[in-house]
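>>> Mind folding the following:
(4 chains)
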2 protein chains.
Amino acid sequence: MSRVDKAAIVRAAEEVVREKGARKLTLDAVAAQCGLSKGGLIHHFRTKQSLLKAMLEAAIAREDASAETFAAAGDDVLASRLKAIFELMEDDEGLPRALIAAVAEDPALLEPVKCNVIEMRGEIDSSYGDPELAQLLILAAQGMFLGRVLGVMESEDPMFSRLRERLLMLSAELT
Amino acid sequence: MSRVDKAAIVRAAEEVVREKGARKLTLDAVAAQCGLSKGGLIHHFRTKQSLLKAMLEAAIAREDASAETFAAAGDDVLASRLKAIFELMEDDEGLPRALIAAVAEDPALLEPVKCNVIEMRGEIDSSYGDPELAQLLILAAQGMFLGRVLGVMESEDPMFSRLRERLLMLSAELT
DNA sequence: GGTAAGATACCGACCAGCCGGTTGGTTTGG
DNA sequence: CCAAACCAACCGGCTGGTCGGTATCTTACC
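Numbers count the residues shown, from 1 in each chain, chains lettered A, B, ... in the order given. Have a look, this model is predicted:
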């Protein structure tokens, strides 16, 4: 049917952003990265915006799936969300890059991310006796995520794992 | 001497990013915004990169100045940093926009931001008996900042001020 | 099984507009 | 009179997107 599917194109786009920065995320570059002509690429994604949208959706889906895996393994809402965020940070492809590219291109593309965050917030608010503290733990993890995107927080840094463990401990105390 | 100074140009650039998004931060747009021709703009900032750099530096300087004001008024390191971050979030110009524009254009421009964050981290690490918890409070504030940039966290939201107060309380318990 | 017809995947040349930066000149302040 | 501030036209390269065509696959009918 198709030698290259949309998922492969999205991966190629992430690769381009990682290698060359968000500003160089160009249709030609993506096409080259996945061995396609620009025409071929446009056949799959009719506009650049639709490609960016797909990048964001793929990344969000990965994060949600990750959280659900932890939840299925017995973690509570907060712990599984925290672990999902950490996992997201460790393989630094995907969402961070897509986020940057999208926010640069058109902030309106962030709508799905917004929805996702709000949904998560709702889940947590209704599950803990001290919802504000629970929110703060999530926010701290997202702060680490920001540090990662900006290149300030390295996942090999011993501080990173200490903060990570500490956050999980604090979340365990909350139940 | 000059009818338009560099600070005014930086403000105009922030305005452009706010109104049209980082991708539309173009020399022509900035020139138009501050009533200058492109040639005139280039006379002040010889390249776009140097303008971006100035934007970042101005924003960082604002934040540092804000933190120092709080410190001078008697707040300890953590509280003054937290308050500075909150202040940064409330008038949503400046750093968030500059950050986005810079990271999109060339991640290397983030170096000063990186230095600033690392310096802040050092200050805090050496000032509290439980440095990790102190770091987590800062990270939570930065997480809120990220939420603001993505348009998820509104500063009028009652949740916002509750989280803010809670963070300050937690920091007070730490001394 | 073969094949005609239609759809889907893909190519690569091309275009129009944008954008960073140059240049050569004019105005303005001291 | 000089230097700094500023202007406006211009340029070359890039980029998103178009277009007309080819190759490959599916379907259906004989």
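>>> Once you drop chain neighbours, what's closest to A:Lys6?
A:His44 (5.7 Å; Cβ to Cβ, 6 or more residues apart in numbering or on different chains). Using the backbone N, CA and C atoms, a C-beta is placed for each residue, glycine as well.
>>> The helix or strand where A:Leu88 lies close to chain B?
Element membership for A:Leu88 (DSSP states H and E) is helix A:77-90. No: judged by Cβ under 8 Å from any Cβ of the partner chain, helix A:77-90 and chain B are separated, with a smallest distance of 9.9 Å.
>>> okay, that helix in CSV with CA atoms only?
The C-alpha atoms that make up helix A:77-90 are tabulated as CSV, following Å, rounded to 0.1, in the frame of the first residue of the first chain:
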residue,chain,number,x,y,z
VAL,A,77,-3.1,8.4,39.3
LEU,A,78,-0.4,10.7,40.6
ALA,A,79,2.4,8.2,40.6
SER,A,80,1.6,7.0,37.1
ARG,A,81,1.4,10.5,35.7
LEU,A,82,4.7,11.4,37.4
LYS,A,83,6.4,8.3,36.0
ALA,A,84,5.0,9.0,32.5
ILE,A,85,6.5,12.5,32.6
PHE,A,86,9.8,11.1,33.7
GLU,A,87,9.8,8.6,30.9
LEU,A,88,9.0,11.3,28.5
MET,A,89,12.0,13.1,29.6
GLU,A,90,14.4,10.2,29.3
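>>> continuing past that helix, what's the next helix or strand?
Counting by DSSP H and E, what follows helix A:77-90 is helix A:95-105.
>>> close to DNA strand C, is that next one?
No: shown here: helix A:95-105 not in contact with DNA strand C (Cβ under 7 Å from any atom of the strand), separated by at least 11.8 Å.
>>> and that helix, average pLDDT?
Averaging pLDDT along helix A:95-105 yields 80.
>>> ok, now stretch A:29-41?
According to the model, stretch A:29-41 has a mean pLDDT of 96.
>>> tell me how far it is from the chain's mean position?
24 Å (Cα atoms, centre = their mean, to the nearest Å).
>>> wait, does that stretch contact chain B?
No: using Cβ under 8 Å from any Cβ, we find that stretch A:29-41 stays clear of chain B, coming within 14.8 Å at best.
>>> How about stretch A:11-22?
Yes: contact of stretch A:11-22 with chain B (Cβ under 8 Å from any Cβ) involves A:21-22.
>>> ok, and what's touching stretch A:122-139?
Applying Cβ atoms under 8 Å, 6 or more residues apart in numbering or on different chains, the set of residues contacting stretch A:122-139 from outside is A:76-78, A:81-82, A:85, A:120-121, A:167, A:170-171, A:174-175, B:139-141, B:143-144, B:147, B:159, B:162-163, B:166-167, B:170.
>>> distance of the residue in chain A that DNA strand C sits nearest to from A:Ala31?
Nearest residue of chain A to DNA strand C, counting by Cβ to the nearest atom of the strand: A:Gly39, 2.0 Å away. Using Cβ to Cβ, to the nearest Å, A:Gly39 is found at 8 Å from A:Ala31.
>>> Much appreciated, bye for now.
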